[in-house]
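Trainee: fold the following.
(2 chains)
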2 protein chains.
Amino acid sequence: MSEQVINYLSENREQLLQKLYDFLSIPSVSTDSVHKEDIKQAAAFLEKYLNDIGFEHVQQQDTGGHPLVYAEYNQAGADAPTVLFYGHYDVQPVDPIDQWKSDPFTPEVRNGRLYARGSSDDKGQVFMHLAVFEAYMKTEGKLPLNVKVCIEGEEEIGSEHLYEMLHDKKEQFGADFAVISDSGMVAQNQPTILYGLKGFTGIEINVTGPDHDLHSGMYGGAVRNPAMALTHILASMKSEEEVITVEGFYDDVEPLSEHERELIAKVEGEDYRESTGALETVSEKGYTAKEHTMARPTFEINGIFGGYQGEGTKTIIPSQAGAKITCRLVPGQDPEHIQSLLEKHVHEVAPSGVTVDVKKEKLSAKAYKVDPDHPLIRKAAKSYTEAFGKETVYVRMGGSIPVVEWIESIYNIPIVLLGFGTPDDRLHSPNESFPLDSFDKGMETLARYWDEINKK
Amino acid sequence: MSEQVINYLSENREQLLQKLYDFLSIPSVSTDSVHKEDIKQAAAFLEKYLNDIGFEHVQQQDTGGHPLVYAEYNQAGADAPTVLFYGHYDVQPVDPIDQWKSDPFTPEVRNGRLYARGSSDDKGQVFMHLAVFEAYMKTEGKLPLNVKVCIEGEEEIGSEHLYEMLHDKKEQFGADFAVISDSGMVAQNQPTILYGLKGFTGIEINVTGPDHDLHSGMYGGAVRNPAMALTHILASMKSEEEVITVEGFYDDVEPLSEHERELIAKVEGEDYRESTGALETVSEKGYTAKEHTMARPTFEINGIFGGYQGEGTKTIIPSQAGAKITCRLVPGQDPEHIQSLLEKHVHEVAPSGVTVDVKKEKLSAKAYKVDPDHPLIRKAAKSYTEAFGKETVYVRMGGSIPVVEWIESIYNIPIVLLGFGTPDDRLHSPNESFPLDSFDKGMETLARYWDEINKK
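Mentor: Numbering: from 1, shown residues only, chains lettered A, B, ... in the order given. Next comes the predicted model:
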């Protein structure tokens, strides 16, 4: 039974946290090639930990990009189910670095929160799973079910090689169901079952005018300014009512049912002004912010750039300007089709006198939904409620996890999303953190869940 | 007579060029504080050269910012006129540095052009004046007129302290007329009298949404994206017909007379596609590109920035986005009034949910026009024509030289703009250069001009 497992976790809390700090101290930023060696070090950390726990066939698999850490446990017997556990050990870049209150790779606890890049997304949550496996092995000498571990190093760069791996090694990665902890709860200590995720796609727009920066006095009035052309293009893609004005964008959107709008209304959502510092909540005309973030597609400029950005003034007409754009998609929308619609729109509205290049991001995923009444989901909700002592709520979220779509499309197995993050974790931002409270209760939830699964 | 002066310049060409290379090798970038020492070194170079030539009262005047190099020559006698020669020894930043074919501060001659930052704007042209003064002193033992030298180090940062200096030291800087060589000819070897300059003003817009970068999946649909808000603001300020759509912007514009449109049409303008590499020429609806660049106001985005600009994708809603904007103004327009109109417009169109801050650039100047039939202008045209062997044309240009407006407003004296740059000099851009041919003929023009002035 899981009580002694839970006791092990609390008795060994300090050593486990220390080990987690070591893991978080490795700057495994996957988007930037300067961190190649750090990525390898993070993979090596996991390889050693899995071996120490007692997993078999532990290996760093060559993906062609950053290595994927694989391991198996088959001692639960042929009758026991097999779970595919997925996570990622790579993290987002840390810039703007000057906004961090403590070094992103020197874990620090302040007010019950552990501050470090990756503390929530996803190294912290990956570590919780391994710690629970360790606790089972150290106390019961075995795991309650068979496990296949798949921890990649490319999630933050679109899991470039993962689909290929899952597809080509179907036999090796095959399981009865999958568990992923790379998401969050709607509020701290509010157990949350995530039964829907958004899809994802993106483009980068680059506008070129003159072949070099021009003196704005000598050439202002003679050529098109690519930065101004870019603003005309972008402003035409989303209205001030937050409605995406790209033709056909909403055509395949699965409408939001009244029943789901009620479900969403029931969720005690976060105070967006509180958590974001924005002046007010702004959402798509006709929908609440909760509805928009959970169940309506989005269009966001992630970055915009062009011309002089330094100190003082530089009186130029820039040669180039560009923008990075990503969209979150809902069930019904096809990422590639959306990319084509965006590309078509950009070229249609592009003014004369400039060259406009649209680069389609490889990064792409369909939206995902699972039946909230599936037994595996019910057991998860039960474990959550026991560990956190609070009723579990069911939500859809705006985040995208390409692997969820891929596992479903390749293996067609249920996927259980056991997220322990909170809205205040500041994922992808300066000062990312994770509540130590979620760390403790989350591990208890996992310990109870494996035990529940084991019950016939 | 100026023949021996001209001979001296050709006989000593190599030494003079070597001395110019030394001057251009000093990275006197005024916009960036890391170059503070280089600025001082450039000022010291001028101080020494002026002393060597035989000027009096040579001094680096403390402006509170970068030093102003001052010198006098009073030996031409009380009957001889006194000219105020103005120039600047500071240069623009060099970024994007990777687009330079040779180091910006290692002068290199390729195909008859001297490549270096400042070769044309304005160190090269300042040097030509000093070389001609040297030639007069070395050959005739004196200068044909009295001279006051004023070479500042802050032109590229808006001549921050110059107005104060000219205003407070009216006695010291006072002269009968002024000569400035900080402009260009409409085409290489086409002597050009510049009788009109545009005014100048600018603002910086900063839009703030959330108080930190947000995960676009978790918050997309809940808050206003400041980068998107910025594009809506900017797109509302200039139409695709290149008409500035800020209310009142054109109200005080002195209309372009038919006579001037004919003058402009006569000028054999450059091929803008050739010189800029732009796909096509684009100008204000109802005006040719030549008319727009010479005599109609402009609105240009010099830089735009916000969110993630690095390698790969970062799925955020940025906390901030901003843009640097400058306008070129024509006679009738008041810079401060235009700034207020821009600021008013920005706040009126700014969408909800973001904080919009408008910073008014100090950098500002009224437009300038001089009578093309003034005797000092006629003598300049004669000297040009003799040195270049070609008829001189009269033009207005889009560039702004605040000092021109200030000298006029403070001293109310004629200002002669003797520019020797060419449209291919790539001012403010990578690979700035200056034709050695203009160097030779330009110095001859100056030598002849001082001689002409001397003639009663």
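Trainee: show me the contacts for A:Gln309.
Mentor: By C-beta atoms under 8 Å, 6 or more residues apart in numbering or on different chains, the residues touching A:Gln309 are B:Gly303, B:Phe305, B:Lys324. C-beta coordinates here come from the backbone N, C-alpha and C atoms, glycine included.
Trainee: so what does it look like in phi/psi?
Mentor: The phi and psi values for A:Gln309, taken as degrees, to the nearest 10, are phi -120, psi 0.
Trainee: by neighbours, which of the contacts of A:Gln309 wins?
Mentor: With neighbours taken as other C-beta atoms under 10 Å in any protein chain shown, the top of the contacts of A:Gln309 is B:Lys324, carrying 27 neighbours.
Trainee: I figured it hits B:Lys359, correct?
Mentor: No - at 9.3 Å, B:Lys324 does not count as touching B:Lys359 under the criterion of C-beta atoms under 8 Å.
Trainee: what's stretch A:405-417 in contact with?
Mentor: Contact with stretch A:405-417 is made by A:84, A:86, A:159, A:162-163, A:166-167, A:170, A:173-183, A:193-195, A:197, A:199, A:365-368, A:370, A:374, A:376-377, A:380, A:401, A:404, as judged by C-beta under 8 Å, 6+ apart.
Trainee: ditto for stretch A:4-17
Mentor: So stretch A:4-17 is contacted by A:114, A:131-132, A:135-136, A:138-140, A:436, A:439-440, A:443-444, A:447-448, A:451 (C-beta under 8 Å, 6+ apart).
Trainee: which residues does A:Lys238 bridge with?
Mentor: Here A:Lys238 sits in beta bridges with A:Ile244, as judged by DSSP bridges.
Trainee: got the contact list for A:Asn206?
Mentor: By C-beta under 8 Å, 6+ apart, the neighbours of A:Asn206 are A:Gln320, A:Ala321, A:Gly322, A:Val356, A:Asp357, A:Lys359.
Trainee: change it to 7 Å
Mentor: With contacts defined as C-beta atoms under 7 Å, 6 or more residues apart in numbering or on different chains, A:Asn206 is in contact with A:Gln320, A:Gly322, A:Asp357.
Trainee: from the contacts of A:Gln309, pick the one nearest chain A.
Mentor: Using C-beta to the nearest C-beta, B:Gly303 is the member of the contacts of A:Gln309 that lies nearest chain A, at 3.7 Å.
Trainee: pretty sure the closest one is touching A:Tyr308, no?
Mentor: Yes - under the criterion of C-beta atoms under 7 Å, B:Gly303 makes contact with A:Tyr308 at 3.9 Å.
Trainee: now the common contact residues for these two.
Mentor: Contact criterion C-beta under 7 Å, 6+ apart; residues shared by B:Gly303 and A:Tyr308: A:Lys314, B:Lys324.
Trainee: low-confidence ranges, chain A, go.
Mentor: Confidence mapping of chain A against pLDDT under 70 gives the ranges A:1-2, A:456.
Trainee: outline the domain layout of it.
Mentor: Following the TED database, chain A resolves into domains at A:1-197+A:367-454, A:199-253+A:297-360.
Trainee: about what we covered before: what sits in contact with each of B:Lys324 and B:Lys359?
Mentor: Counting by C-beta under 7 Å, 6+ apart, the common neighbours of B:Lys324 and B:Lys359 are B:Glu204.
Trainee: tell me where the stretch 251-400 of chain A has helices.
Mentor: Counting by DSSP state H, counting those that start in this stretch, the stretch 251-400 of chain A has these helices, from start to end: A:258-266, A:272-276, A:289-295, A:335-349, A:375-388.
Trainee: could you tell me which of the contacts of stretch A:405-417 are located in strands?
Mentor: In this view, the contacts of stretch A:405-417 that belong to strands under DSSP state E are A:Leu84, A:Tyr86, A:Phe177, A:Ala178, A:Val179, A:Ile180, A:Ile193, A:Leu194, A:Tyr195, A:Leu197, A:Gly199, A:Tyr368.
Trainee: looking at these, which is nearest B:Met237?
Mentor: Nearest to B:Met237, judged by C-beta to C-beta, of the ones in strands among the contacts of stretch A:405-417 is A:Gly199 at 35.3 Å.
Trainee: wait, doesn't that closest one sit right on A:Lys366?
Mentor: Yes - under the criterion of C-beta under 7 Å, A:Gly199 makes contact with A:Lys366 at 4.6 Å.
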